[in-house]
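Asks: Pasting the sequence and the predicted model now:
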Amino acid sequence: MDWVLFVTQILNGLQLGVLLFLLASGLTLIFGIMDFVNLAHGSLYMIGAYFCGTFTDITDSFFYGIILAIPATAVVGVIVEIIIIRRLYSQDHLDHVLATFGLILCFDALVHFAWGPEGMAIPLPAILDGQIEILPDIVFPTFRLLIITTGLTLAIILYLVITRTRSGMLIRAGASNRTMIGALGIDIKTLFTLVFGAGAAMAGLAGMMISPITEASIGMGNDIIIVAFVVIIIGGIGSVKGAFIAAILVRFIDTMGRSFLDTFLKLLLSAESAETAAPALSAMLIYILMATILIFRPQGLFPPRGR
Amino acid sequence: MEKATRFTLRVKITVVIFLVLFFLPIYTGLTDNGFYLDLVNRLMILAIAAASLNLILGHGGMISFGHAAYLGIGAYCVGIPAYYGVDNGPLQIFLAVAASGIFALITGAICLRTKGVYFIMITMAFTQMVFFGFVSVEEYGGDDGLVIDTRSNFGSFINIQDNINLYYFILISLIICLFLIHKITKSRFGLVIEGSRSNEQRMRSIGFDTYRYRLICYVIAGCICGYAGALLGNFTNFISPEMMDWAASGELIFMVILGGTGSLLGPVFGAAAFVILEEWLSSLTLYWHFIFGALLIMVVLFARGGISGIVTYLGNRKQ
């Protein structure tokens, strides 16, 4: 096996994995403490990317673009929560799904209206646009390394916030028994809004970091949201730790499948049928993984306790 | 007394709808306007799909967000044989129904082990799996889709190459599917399904294996929707993975909710409202999805009974 390609693909999987985690952690928290299914979480990912593009244009700096776009995305999340989502908590999951599906249509149309149908490319500053030789013979784009470090740092911060701080304690308490923490005098409404805003900011940040690589486009959130669902199903809905492990696992398997499955299948099948089967199989790999895990653990790998 | 009034209003509406549907080709033939025929064809096919979804969603309480997969599977079961020059209609229909049934059986067996949100997301994920599966198979067009050169061939029974014949073929299919679903929901089996939606624990404790009942119901719904998919492939002469995009599944749910869950004609109203709204709004503005999305949110927040609920309401008020 090609050693250089292998290491590069591991890093690629890691980079995509941490981005996916940023999206999935918000989704799993929102579900965990509010019992709310938010299909429109991917729209915040998209909004983040477009905001970042516009602010980068205005300020002429990708860094300022990100710094301005994060709070802007959080504000959009908070507004949506207050106007629409708050009314839905008491209704059933079908209502959540339908209303947030409606929200996706609204967001896509709004972005189409505001930024036009074309995608939006976001230029990287020169300092990030290069490559670094991390190991002998292995070069990796600087920006992707930055994504990995940012993602891992955020994961650690999130872990510390949830396990070590008072707000984290409230979030955990909310995840295991909402009614009780309400009865203990915690202002759940505000807590919900804040968590929603934070989830929006993280999803937005993921969108901002991917868009210099792929460019911001309408519907970019709709493809990744399903993968984020797969992640939180595998990880156990409500568990941030599960989301982290599952996000890395899913992207890792996905990347490896796309790069090496045809080589592997050629050992078993004829070259011709391997060429045909490999792309289809690798596209389905993560769903097969999900199904397999569900057969043995219907609640996911790390189901939160007390539910 | 109350029930009788409601019933007659319903029956009146049903009779009027099917009379209109029956005579529509004569009208379009006279005015030479094929557009409405196409619109109604699409409407009726979507109505079959929505009615099958209603069977599991409305009656069974299984919120499948992946029902469009069966439309796609059914359509590919017409397209792929046609690609190899096999245009045998009964065979294609059989393939569509069987493949949908098998897919429903395998995925259903896994999905139904879970509940609530897990179920919603998993059905969604499996459909996405099929979507990506077909996207990456270059042989059958991948992303770009596959043109179906010839429609299904039913020999001397009916020639659906002719648009009018296709229309009646779809209309009769709709009637048969609705009748079938009606029979299922009124049967003992249907009552068990209904019962396990409202109180699964009780159904289990009085001795029903609810998992098995649900799975069978899930497979039946998949088969019916697969049949609708075969019709869709014949109608559009083209298939692409786009048909099973998760937005397509969302639209199907929207039709069921808009029409009103759990009633027989609800999905037909819902599909009609959906197709007409789509046609009308998209002629108004490029950004019609916004209005559509806002409408969806409104329906959820303010009008959970759907169109069928409004009909019931009017029927009651009259009395």
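Replies: Done, it's in.
Asks: Partner strands of the worst-scoring helix or strand of chain A on mean pLDDT and their direction?
Replies: None of the helices or strands of chain A scores lower by mean pLDDT, DSSP states H and E than strand A:131-135, at a mean of 78. According to DSSP bridges, strand A:131-135 forms sheet pairs with strand A:138-141 (antiparallel).
Asks: mind checking how far the partner strand is from the chain centre?
Replies: 24 Å (CA atoms, centre = their mean, to the nearest Å).
Asks: Buried residues, that strand. List them.
Replies: Neighbour counts over strand A:138-141 (16 or more other CB atoms under 10 Å in any protein chain shown) mark A:Phe140, A:Pro141 as buried. For every residue, glycine as well, the C-beta is placed using N, CA and C.
Asks: Not counting it itself, show me its contacts.
Replies: With CB atoms under 8 Å, 6 or more residues apart in numbering or on different chains as the test, strand A:138-141 has contacts from A:Val4, A:Val7, A:Thr8, A:Leu11, A:Gly130, A:Gln131, A:Ile132, A:Glu133, A:Ile134.
Asks: Please determine how far A:Gly53 is located from A:Met220.
Replies: Between A:Gly53 and A:Met220 the computed distance is 12 Å (CB to CB, to the nearest Å).
Asks: any common contacting residues for these two?
Replies: Common neighbours of A:Gly53 and A:Met220, counting by CB under 8 Å, 6+ apart, are A:Ser211.
Asks: picking that back up, keeping just the C-alphas, turn the least confident helix or strand of chain A into PDB.
Replies: The C-alpha trace of strand A:131-135 is given here as PDB (Å, rounded to 0.1, in the frame of the first residue of the first chain):
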ATOM      1  CA  GLN A 131       1.700  23.300   2.300                       C
ATOM      2  CA  ILE A 132       3.700  22.000   5.200                       C
ATOM      3  CA  GLU A 133       6.000  19.000   5.300                       C
ATOM      4  CA  ILE A 134       4.800  17.300   8.400                       C
ATOM      5  CA  LEU A 135       6.700  14.100   8.100                       C
END
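Asks: hmm, who's touching it?
Replies: Residues contacting strand A:131-135 (CB under 8 Å, 6+ apart): A:Val7, A:Val139, A:Phe140, A:Pro141, A:Thr142, A:Leu145.
Asks: For the last one, list the residues it contacts.
Replies: Applying CB under 8 Å, 6+ apart, we find A:Leu145 in contact with A:Leu11, A:Ile132, A:Ile134.
Asks: Help me confirm that the first one is found in a helix?
Replies: The one in question is A:Leu11. Yes - under DSSP: H, G, I helix; E, B strand; the rest coil, A:Leu11 falls within a helix.
Asks: excluding its backbone neighbours, what's nearest it?
Replies: Spatial nearest neighbour of A:Leu11, chain neighbours left out: A:Phe140 (5.6 Å); criterion: CB to CB, 6 or more residues apart in numbering or on different chains.
Asks: Give the bridge partners for that neighbour, please.
Replies: Residues in beta-bridge contact with A:Phe140 (DSSP bridges): A:Ile132.
Asks: quick one on the thing from earlier: between the contacts of strand A:138-141, which is nearest chain B?
Replies: Nearest to chain B, judged by CB to the nearest CB, of those is A:Thr8 at 22.2 Å.
Asks: Could you check how far the residue of chain A most remote from its centre is from chain B?
Replies: No residue in chain A sits farther from the centre than A:Ser270, which is 37.4 Å out by CA atoms, centre = their mean. Distance of A:Ser270 to chain B, computed by CB to the nearest CB, to the nearest Å: 15 Å.
Asks: And A:Ala200, by the same measure?
Replies: 18 Å.
Asks: Do I have it right that that residue meets A:Gly26?
Replies: Yes - using CB atoms under 8 Å, A:Ala200 is in contact with A:Gly26, at 7.0 Å.
Asks: shared neighbours, the two?
Replies: Common neighbours of A:Ala200 and A:Gly26 (criterion: CB under 8 Å, 6+ apart): A:His41.
Asks: immediately after the helix or strand B:Arg204 falls within, which helix or strand?
Replies: In this assignment (DSSP states H and E), B:Arg204 forms part of helix B:200-205. Where DSSP H and E defines the elements, the next helix or strand beyond helix B:200-205 is helix B:210-236.
Asks: Give the buried residues for that following helix.
Replies: Neighbour count says helix B:210-236 has B:210, B:213-236 buried, by 16+ other CB under 10 Å.
Asks: and what of stretch A:295-306?
Replies: A:Gln299, A:Gly300, A:Leu301, A:Phe302, A:Pro303, A:Pro304.
Asks: next one: stretch B:180-188
Replies: In stretch B:180-188, counting by 16+ other CB under 10 Å, buried: B:Ile181, B:Ile184, B:Thr185.
Asks: Skipping its backbone neighbours, what lies nearest the second one in space?
Replies: Nearest residue to B:Ile184, sequence neighbours excluded (CB to CB, 6+ apart): B:Gly190, at 5.1 Å.
Asks: Return the distance of the host helix or strand of the one you found from the chain's centre.
Replies: Assessed by DSSP H and E, B:Gly190 sits inside helix B:188-198. Mean-position distance between helix B:188-198 and its chain equals 21 Å (CA atoms, centre = their mean).
Asks: now the angle from it to helix B:210-236?
Replies: In terms of direction (axes from the mean of the first three to the mean of the last three CA atoms, to 10 degrees), helix B:188-198 departs from helix B:210-236 by 110 degrees.
Asks: rewinding a little: and the contacts of A:Leu145, which is closest to B:Asn33?
Replies: A:Leu11 (59.8 Å; CB to CB).
Asks: if I read this right, that closest one contacts A:Thr149, doesn't it?
Replies: No - taking contacts as CB under 8 Å, A:Leu11 lies outside contact range of A:Thr149: 11.6 Å.
Asks: can you pull the alpha-carbon coordinates of stretch A:24-38 into CSV?
Replies: This file holds the C-alpha atoms of stretch A:24-38, laid out as CSV (Å, rounded to 0.1, in the frame of the first residue of the first chain):
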residue,chain,number,x,y,z
ALA,A,24,-23.1,17.0,15.0
SER,A,25,-22.2,18.2,18.5
GLY,A,26,-24.7,21.0,18.2
LEU,A,27,-27.3,18.7,16.8
THR,A,28,-26.9,16.1,19.5
LEU,A,29,-27.0,18.8,22.3
ILE,A,30,-30.1,20.4,20.9
PHE,A,31,-31.7,17.0,20.7
GLY,A,32,-30.3,15.9,24.0
ILE,A,33,-31.7,18.7,26.2
MET,A,34,-34.6,20.0,24.2
ASP,A,35,-35.8,16.7,22.6
PHE,A,36,-35.9,18.7,19.4
VAL,A,37,-35.1,17.4,15.9
ASN,A,38,-33.5,20.2,13.9
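Asks: In chain A, where is pLDDT below threshold?
Replies: A:1, A:305-307 (pLDDT under 70).
Asks: Show me where it has its helices.
Replies: Remark: helices assigned in chain A by DSSP state H are A:3-34, A:41-59, A:62-83, A:93-115, A:142-164, A:166-176, A:178-183, A:188-214, A:220-235, A:240-268, A:271-296.
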